[in-house]
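**Q** everything below, folded, please.
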Amino acid sequence: MPQTPSLEEFAQSCVRFVEKAVGVTLDFTPETLPVLDHYLRSARDLSAQRPESLPLVTAAAGVYIGELLRRRYPCAWNQDDDDPMGWFLEFDDHLMTVYPVAIAHVAIGGEEAEPDFEVIRFKDDEREIVSTHLADLPPVSEEEYIAPSTRVEVVDIAVDLIRAHRRKADEEPALGDLDQD
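**A** Next comes the predicted model:
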């Protein structure tokens, strides 16, 4: 049975794929994510010509996205699932759970990929906070909505919102703690 490549091998494969295809080296920063967006759009055509390449490209791009997030935020991979689509990042303090390979899968337009597939999961009350804030932002096209650069931007926004919400909740006295004169 072939051994599954390590996360680092997957991420570096993505860097090589993108560099070979578009001549730009990804550097694990959000600034180069638009290059990955472009590469994944072109991978849609490749997947039609060579469908056997889709799982590798999806896993490599997804792990790259996950490694970018892991370098930005305190979080850890969970690879308990044999299928990379089930691999996720669990953020410290349970801020959220992110499925980076699923992000890449949706961006490539993989089989049965839905733009509203839940690739970022929150606690119910915090989901509402994030959803409300995102609904107030200017609308984006479906193409932009499914792009990894947009998904990482959503993670950035969500981290800030949830942390601010939790700080505020920690600062507010509970009703029973108020002195009633």
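**Q** output the contacting helices and strands for the longest helix along the chain.
**A** For the chain, the longest helix by residue count, based on DSSP state H, is helix 148-171. With contacts taken as 3 or more Cβ pairs under 8 Å, 6 or more residues apart in numbering; DSSP states H and E, helix 148-171 sits against helix 33-49, helix 54-72, helix 100-108, strand 120-121, helix 124-135. In short, each C-beta sits where N, CA and C put it, glycine included.
**Q** pick out the shakiest of these, pLDDT-wise.
**A** With a mean of 87, helix 33-49 has the lowest mean pLDDT of the helices and strands packed on helix 148-171.
**Q** just the angle between it and helix 54-72, please?
**A** Between helix 33-49 and helix 54-72, the angle comes out at 160 degrees (axes from the mean of the first three to the mean of the last three Cα atoms, to 10 degrees).
**Q** contacts for helix 33-49, please.
**A** The contact list for helix 33-49, computed with Cβ atoms under 8 Å, 6 or more residues apart in numbering, reads 14, 17-18, 21-22, 24, 26, 53-54, 57, 61, 64-65, 68, 104, 107-110, 143, 147-149, 152.
**Q** and these, which are buried?
**A** Among the contacts of helix 33-49, those buried by neighbour count (16 or more other Cβ atoms under 10 Å) are 14, 17-18, 26, 54, 57, 61, 64-65, 68, 104, 107-110, 147-149, 152.
**Q** returning to that earlier point: report the distance from the longest helix of the chain to the chain centre.
**A** From the chain centre to the centre of helix 148-171 is a distance of 14 Å (Cα atoms, centre = their mean, to the nearest Å).
**Q** now it: mean pLDDT?
**A** Helix 148-171 carries an average pLDDT of 94.
**Q** may I have stretch 91-103 as PDB, with CA atoms only?
**A** What follows is stretch 91-103, C-alpha atoms only, in PDB (Å, rounded to 0.1, in the frame of the first residue of the first chain):
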ATOM      1  CA  PHE A  91      -8.200  26.300  16.000                       C
ATOM      2  CA  ASP A  92      -7.100  26.700  19.600                       C
ATOM      3  CA  ASP A  93      -9.900  27.800  21.900                       C
ATOM      4  CA  HIS A  94     -12.300  26.100  19.500                       C
ATOM      5  CA  LEU A  95     -12.500  29.400  17.500                       C
ATOM      6  CA  MET A  96     -13.500  27.400  14.400                       C
ATOM      7  CA  THR A  97     -12.800  24.300  12.300                       C
ATOM      8  CA  VAL A  98     -11.500  24.700   8.800                       C
ATOM      9  CA  TYR A  99     -11.500  22.000   6.000                       C
ATOM     10  CA  PRO A 100      -8.700  23.300   3.700                       C
ATOM     11  CA  VAL A 101      -8.800  20.400   1.200                       C
ATOM     12  CA  ALA A 102     -12.600  21.000   0.900                       C
ATOM     13  CA  ILE A 103     -11.800  24.600   0.200                       C
END
